[in-house]
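Student: Below is the sequence, then the predicted model.
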Amino acid sequence: MRIRIVDAFTDRAFGGNPAGVLLFDAGPFPDDAWLQRVAAEVNLSETAFAHPLPAGSDADWALRWFTPATEVDMCGHATLATAHVLHTTGAATGTVGFAARCGTLTATARDDGAITLDFPTSPVTPVEAPAGMSQALGAEPVSVHDSGPDVGDLLVELADEKTVRALAPDLAALARCSRRGVIATAAAEDPARGYDFVSRCFFPNVGVDEDPVTGSAHTVLAPFWSARLGRAELTGFQGSARTGLVRTALRGDRTLLTGTAVTIIDGELLARP
């Protein structure tokens, strides 16, 4: 079986967020334990597994995502990576529909090589900061919001971009503050740099200390910052060591996420189910 490593939400190798992508022939997925072992072996924040669905189905491909430790309900960068593989190998053209845990998602290839994902918008609900949040994060929250069941993170607004970039959280303590993880964010210090807000994402509860560029987090960030900045279309910069840009467009209960991807490894998986 072919297995690929794709850097998503970047136009250069070794940037953005790497994801494993494994495409199966038609038929059911292998058993969950085997999928989890592959994801642990790949040892990236996510590995995507997909197989084609029969003609007449509501979507074109079934899609699942696994971290090294567990399966997740929603993942943006590994969906972008999967769509990139489908389009660059000729397995799909135009818009591709994916049947996933969080519902039907689509990925549309654009003429400029970018891919636009259509994801459900995550609800943004103000909540009290959990006990110990400031100490665990190493910064005082300006506001805290819940992101709903699909994402399962806390969105934590901080004072400014410098504070977000300088974070060095206590990950063990942070794991006790949310179901999946924490999205730390602030407005861009200088929008002339080409982005409107900055974020960093920490997911110790699913085995990912810091995710380099997180598509699913932008389904939370888009409605939050669109309400603050008064614009439906924004660009987010994720300030991890690898960095990446996600262009967002809020469309009511759907959020469009646009980015590019680069395949950097194309190999063969010898371990069979």
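Tutor: Nice, thanks for sending it over.
Student: hey, where'd the helices end up in the chain?
Tutor: Using DSSP state H, the helices of the chain run over residues 32-42, 76-88, 133-137, 161-165, 171-174, 218-229.
Student: With residue 52 as the reference, name the closest of the ones you listed.
Tutor: helix 76-88 (9.7 Å; Cβ to Cβ). Heads up, the C-betas are built off the backbone N, CA and C, glycines and all.
Student: ok and that closest one relative to helix 218-229, angle-wise?
Tutor: Between helix 76-88 and helix 218-229, the angle comes out at 110 degrees (axes from the mean of the first three to the mean of the last three Cα atoms, to 10 degrees).
Student: Alpha carbons only: can I get helix 76-88 in PDB?
Tutor: Backbone C-alpha positions of helix 76-88 (Å, rounded to 0.1, in the frame of the first residue of the first chain) are rendered in PDB as follows:
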ATOM      1  CA  GLY A  76      -8.600  20.000   8.900                       C
ATOM      2  CA  HIS A  77      -4.900  19.600   7.900                       C
ATOM      3  CA  ALA A  78      -5.100  15.800   7.300                       C
ATOM      4  CA  THR A  79      -8.300  16.400   5.200                       C
ATOM      5  CA  LEU A  80      -6.400  19.000   3.100                       C
ATOM      6  CA  ALA A  81      -3.500  16.500   2.800                       C
ATOM      7  CA  THR A  82      -5.900  13.700   1.600                       C
ATOM      8  CA  ALA A  83      -7.600  16.000  -0.900                       C
ATOM      9  CA  HIS A  84      -4.100  17.000  -2.200                       C
ATOM     10  CA  VAL A  85      -3.100  13.400  -2.700                       C
ATOM     11  CA  LEU A  86      -6.400  12.600  -4.500                       C
ATOM     12  CA  HIS A  87      -6.000  15.500  -6.900                       C
ATOM     13  CA  THR A  88      -2.300  15.300  -7.500                       C
END
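Student: what does the model give residue 152 for pLDDT?
Tutor: For residue 152, the pLDDT comes out at 86.
Student: quick revisit: please identify the most buried of the helices of the chain.
Tutor: Comparing the helices of the chain by mean neighbour count (mean count of other Cβ atoms under 10 Å), helix 76-88 comes out on top with a mean of 27.
Student: re the thing from before, let's have the helices of the chain in JSON lines, adding distance to residue 25.
Tutor: Output for the helices of the chain, formatted as JSON lines (distance: least, Cβ to Cβ, whole Å):
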{"stretch": "helix 32-42", "distance to residue 25": "15"}
{"stretch": "helix 76-88", "distance to residue 25": "14"}
{"stretch": "helix 133-137", "distance to residue 25": "45"}
{"stretch": "helix 161-165", "distance to residue 25": "43"}
{"stretch": "helix 171-174", "distance to residue 25": "39"}
{"stretch": "helix 218-229", "distance to residue 25": "31"}
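Student: Which parts of the stretch 101-250 of the chain are strands?
Tutor: Secondary structure of the stretch 101-250 of the chain (DSSP state E, counting those that start in this stretch): strands located at 103-109, 115-120, 125-126, 143-146, 153-157, 181-187, 197-203, 208-211, 233-238, 244-251.
Student: Do I have it right that residue 98 meets residue 61?
Tutor: Yes: counting by Cβ atoms under 8 Å, residue 61 is a contact partner of residue 98 at 5.4 Å.
Student: shared neighbours of these two, anything?
Tutor: Common contacts of residue 98 and residue 61, defined by Cβ atoms under 8 Å, 6 or more residues apart in numbering, comprise 50, 82.
Student: buried set for stretch 251-264?
Tutor: 255, 256, 257, 258, 259, 260, 261, 262, 263 (16 or more other Cβ atoms under 10 Å).
Student: Nearest spatial neighbour of residue 128, chain-adjacent residues omitted?
Tutor: The shortest distance from residue 128 to any non-neighbouring residue, by Cβ to Cβ, 6 or more residues apart in numbering, is to residue 144 (6.9 Å).
Student: Report the beta-bridge partner residues of that neighbour.
Tutor: residue 156 (DSSP bridges).
Student: quick one: contacts for it?
Tutor: With Cβ under 8 Å, 6+ apart, residue 144 has these contacts: 126, 127, 128, 129, 130, 133, 154, 155, 156, 157.
Student: buried subset of the residues you listed?
Tutor: If you count burial by 16+ other Cβ under 10 Å, the buried members of the contacts of residue 144 come out as 130, 133, 154, 155, 156, 157.
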